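Visitor: Have a look at this prediction, sequence included:
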Amino acid sequence: MPSRPFFRKVDLGVGLFIIVLALVFFLVSRQEETAAYANVYLDGALLQTVSLTEDAVFTLEDAPGVTLQVENGQIRFASSDCPDQLCVDAGYLASPGQYAVCLPHRLMVQIASSAAPSVDRITGNYDFPERRGV
Amino acid sequence: MKPHRLTLTALFLAMALVLSYVENLLPALPFLPPGVKLGLSHVVIMYCLFFVGAPSAFWIALLKSLFVLLTRGMIAALLSLSGGMLSLLCLFTLSRVGGKRISYLALSATGAIVHNLGQLFGVSLLISHSFLFYYIPVLLISGLLTGLVTGILLRIVMPALAHLENHL
């Protein structure tokens, strides 16, 4: 009944090639992930761009009371002389689009994203808001 | 289509629908990444392509997507269609060009991988974002594994389906 072989030795090579291909894609995407940076905004205008690849602690010329810290590809407000400390409490920022704001200093730090904000998940019957006229 | 072939196609379509429905009822295994399924109906569609005829296989894949549209909605149907059609097109080409030299296991695994990539293409029509790129390794490996399983299943059920076909 079977008109072709079920398994051939050459299949092992093909399988191995696919595994290697997956590994290459995995490594390439990893590399892209670490090449991230954060934008620091003052009064809504871009003040400076911070690379997240090297650990660093620094203050900003325009806001001497604020210390920013980069560690393990993440960034945070390490300290601030503002009264509410909301920016410090925001903790480390790691994923694209994530941000922390210090209103008293009119500062915002946001992880840069190369494209539109990511979608967590799309389920079967997604109800489009624009279709409902909302 | 001749009545005999039409009947066979209808029978195998019913099998594919039931298999995909039953598979959906099973709880998702926690260690599997989201969206990864065994694709049991792949077994039936492959059998149709190899032994009943290419038109039957294409009809089954198309009508199965219609069934998904009715039961699981637009997006699931789009993914079923893009994955199913691309996979079938690839299998059809390979089985014709490669003749009898390409093994069932290789065809099954290739079909499953292309199915996953076709679905990724379908998703990329809906949302354009570079994070889709990160899912390629997951899809390659899961396609390889599920393709091996469905290939083995095809080999196991092949005599039974042939028996059924001959006694219809």
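Guide: Great, that's in hand.

Visitor: Can you list the buried residues in the lengthiest helix in chain B?
Guide: The helix of greatest length in chain B, counted in residues with DSSP state H as the criterion, is given as helix B:136-166. Neighbour-count burial for helix B:136-166 flags B:136-155, B:158, B:161 (criterion: 16 or more other C-beta atoms under 10 Å in any protein chain shown). In this view, the C-beta of every residue, glycine as well, is placed from N, C-alpha and C.

Visitor: restrict the residues you listed to those near chain A?
Guide: Of the entries in the buried residues of helix B:136-166, those that also sit close to chain A under the rule C-beta under 8 Å from any C-beta of the partner chain are B:136, B:137, B:140, B:141, B:144, B:151, B:155, B:158.

Visitor: Now the phi/psi pair for the residue nearest to residue B:140 when sequence neighbours are not counted, please.
Guide: The shortest distance from residue B:140 to any residue other than its chain neighbours is 4.0 Å, reached at residue A:22 (C-beta to C-beta, 6 or more residues apart in numbering or on different chains). In this entry, residue A:22 is assigned phi and psi values of phi -60, psi -40 (degrees, to the nearest 10).

Visitor: tally of neighbours for the nearest residue to residue B:142 once chain neighbours are set aside?
Guide: Closest residue in space to residue B:142, ignoring its immediate chain neighbours: residue B:36 at 4.4 Å, by C-beta to C-beta, 6+ apart. Using other C-beta atoms under 10 Å in any protein chain shown, residue B:36 has 18 other residues around it.

Visitor: got it, and the one 5 residues further on?
Guide: Here the neighbour count serves as a burial measure; for residue B:41 (other C-beta under 10 Å) it reads 26.

Visitor: residues near the nearest residue in space to it that is not next to it in sequence, how many?
Guide: Of all residues not flanking residue B:41 in the chain, residue B:16 sits nearest, at 3.9 Å (C-beta to C-beta, 6+ apart). Other residues near residue B:16 number 25, with proximity taken as other C-beta under 10 Å.

Visitor: Wait, residue B:16 touches residue B:64, no?
Guide: Yes: Residue B:16 sits in contact with residue B:64 when judged by C-beta atoms under 8 Å, with a separation of 5.3 Å.

Visitor: for chain A, what spans make up the helices?
Guide: For chain A, the helices identified by DSSP H occupy A:9-34, A:86-89, A:129-132, in order along the chain.

Visitor: Show me the shaky parts of chain B.
Guide: Counting by pLDDT under 70, chain B contains low-confidence residues at B:128-132.

Visitor: would you list every one of the helices in chain B?
Guide: B:3-25, B:41-47, B:54-72, B:74-97, B:104-126, B:131-134, B:136-166.

Visitor: Adding distance to residue A:95 as columns, could you present those in a markdown table?
Guide: Rendered in a markdown table, the data for the helices of chain B read as follows (distance: least, C-beta to C-beta, whole Å):
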| stretch | distance to residue A:95 |
| --- | --- |
| helix B:3-25 | 31 |
| helix B:41-47 | 35 |
| helix B:54-72 | 30 |
| helix B:74-97 | 24 |
| helix B:104-126 | 20 |
| helix B:131-134 | 10 |
| helix B:136-166 | 19 |
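
Visitor: out of those, deepest packed?
Guide: By mean neighbour count, with neighbours taken as mean count of other C-beta atoms under 10 Å in any protein chain shown, helix B:41-47 ranks first of the helices of chain B at a mean of 27.

Visitor: Please save the CA atoms from that helix in CSV.
Guide: Provided in CSV are the C-alpha atoms of helix B:41-47 (Å, rounded to 0.1, in the frame of the first residue of the first chain):
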residue,chain,number,x,y,z
SER,B,41,-6.6,16.7,10.6
HIS,B,42,-3.3,17.0,8.8
VAL,B,43,-3.2,13.2,8.8
VAL,B,44,-6.5,13.0,6.9
ILE,B,45,-5.6,15.8,4.4
MET,B,46,-2.2,14.2,3.7
TYR,B,47,-3.9,10.8,3.1
